[in-house]
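J.: Structure here, sequence nowhere to be found:
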DNA sequence: TCTATTCTCGTACACTGTACGTAAATCGAG
DNA sequence: CTCGATTTACGTACAGTGTACGAGAATAGA
């Protein structure tokens, strides 16, 4: 009996072996489930009930497996989370012909990432601890590097730029989601407003007081995102 | 018996009540510990052994309290994490006279945030789910808003700019930490290099292949950070 | 048919957050 | 001082977590 692989095969010391070795040897009992199905179930759970609902027991129940059967497909839960990240990255269109306007191309890349993160709100936090290097992530990286080619940046700099862009998008969306969560609940929003007003009234926070005193005109999140994104991108061409 | 407050007082529905109400009524048994001490112990634990080492039992042991005694100071663990975030924000110098060069001032703000996150590597991930609105965080926000004043942006835009800056720094540092963790372990780094080389050799990742084929000249993380920070800041004044 | 290999999954265990209840400390009032 | 009210301290208990172990079932090649 092995406890380190499964139909896909995952190693202990070498985290990258996860992504290779997906072939079956042919011998032994035929797998009843698949890494795909398990990962998809985990993603569905995280999407609908939040990342904390992703427990081995609930994922197993979702796919109709015994709990311990999951460990034939991923060596541990952390690995399952990595699989989840790459799984949703599969939703990103990896092909997108360079249009000749590299700014537009890079903008498109960032917007695809943002849309993905909004569809899977657990993703920004999951990415902040993990480095996605699965096939889907790498396919999208390929597209991003191609989009960045006309900038004239060298290879390392393009890699950096993509990492930076991803970090920016993740940070932005995380904030955006938190903001939206507060706004969705009127009591929460009111409580926060009351609290901030109290702080502003203490005299030690003049800047905050001024900001709060101004009429709060509504601004769409995507407008904000686009604005900051443009700033970041405009800086890319010039060294 | 109450289970909703303590020497500080924390409420159920109103998360902001956490930060108010820190006065003791005078009655009842005198507290043997303090929110400060408990939070500091939790932070020390997270700094030295990672955020997953922060369990109620270990924090209690650290301060010499019974486990359930912690619940007199924070209503639940999530609240303790919020306290931790604000606690470390206390390390940020809240005063820093505007120098007249607002770009430099904003840059200083970002660098202070980055240094803080490097000192407390769990902070980026913790921030990505939480919105710090504690006194220390607000004090630093005050400084940031003051630094942004000369940009000519209106209140809401300055608030946005700060949130964006924080999100950017958190995203960057999270990536920086992950990168450093891999680099610290030669086996990990070698395994990753081997894996990426294999992917690049498959013919389907020409961009990645090119990036990897170039000689990897070492580049300091702070240089990268500064470069991208400048790009972001340069875009702030316009529009 | 035999054996090696692979997958399935029930049971068990250490560990988590925390609800509940009791005991101890401290206050103001009488 | 005594008394009741109030607050804190914390042992015990419980549901839920990730997963180690090992016994059994299924399959392929010899």
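T.: On my side now, so go ahead. All values reported here derive from a predicted model rather than from experimental measurement.
J.: Nearest residue to the middle of chain A?
T.: residue A:123 (3.2 Å; Cα atoms, centre = their mean).
J.: Let me see the contact set for the residue lying closest to that one once chain neighbours are set aside.
T.: Once flanking residues are discounted, residue A:123 sits nearest to residue A:117: 4.7 Å by Cβ to Cβ, 6 or more residues apart in numbering or on different chains. Bear in mind the C-beta positions are built from the backbone N, C-alpha and C, glycine included. Counting by Cβ atoms under 8 Å, 6 or more residues apart in numbering or on different chains, residue A:117 makes contact with A:123-124, A:169-170, A:173.
J.: Could you identify the most distant pair in those?
T.: Spatially, the most separated pair among those is A:123 and A:169, at 10.0 Å (Cβ to Cβ).
J.: give me every residue that touches residue A:199.
T.: So residue A:199 contacts A:205, A:208, B:138 (Cβ under 8 Å, 6+ apart).
J.: Any chance of CSV for the residues you listed, columns secondary structure?
T.: Formatted as CSV, the contacts of residue A:199 follow (DSSP: H, G, I helix; E, B strand; the rest coil):
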residue, secondary structure
A:205, coil
A:208, helix
B:138, helix
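J.: From those, pick the one nearest residue A:50.
T.: residue B:138 (27.8 Å).
J.: Burial check on the residue of chain A found nearest DNA strand C, number of neighbours?
T.: The nearest approach of chain A to DNA strand C comes at residue A:28, 1.8 Å away (Cβ to the nearest atom of the strand). Neighbour count for residue A:28, taken as other Cβ atoms under 10 Å in any protein chain shown: 9.
J.: Repeat that for the one 10 residues further on.
T.: As a burial measure, the neighbour count of residue A:38 was computed by other Cβ under 10 Å and equals 26.
J.: In which helix or strand does it reside?
T.: Using DSSP states H and E, the element containing residue A:38 is helix A:35-49.
J.: And that helix, what's buried?
T.: Buried residues in helix A:35-49, counted by 16 or more other Cβ atoms under 10 Å in any protein chain shown: A:35, A:38-43, A:45-47.
J.: can you give me the mean pLDDT across the next helix or strand after that helix?
T.: Next helix or strand after helix A:35-49 toward the C-terminus (DSSP H and E): helix A:56-63. Average pLDDT, helix A:56-63: 98.
J.: Also stretch A:191-208?
T.: Mean predicted confidence for stretch A:191-208 is 93.
J.: Buried residues in the biggest helix by length in chain A, which are they?
T.: Assignment by DSSP state H gives helix A:155-184 as the longest helix of chain A. By neighbour count on 16+ other Cβ under 10 Å, the buried set for helix A:155-184 is A:155-178, A:182.
J.: same deal with stretch A:23-35?
T.: A:33, A:35.
J.: on that earlier part again, could the contacts of residue A:117 be laid out in CSV, adding distance to residue B:195?
T.: Shown next, in CSV, are these (distance: Cβ to Cβ, whole Å):
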residue, distance to residue B:195
A:123, 22
A:124, 25
A:169, 25
A:170, 23
A:173, 28
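J.: Please report how far residue A:209 lies from residue A:200.
T.: 4 Å (Cβ to Cβ, to the nearest Å).
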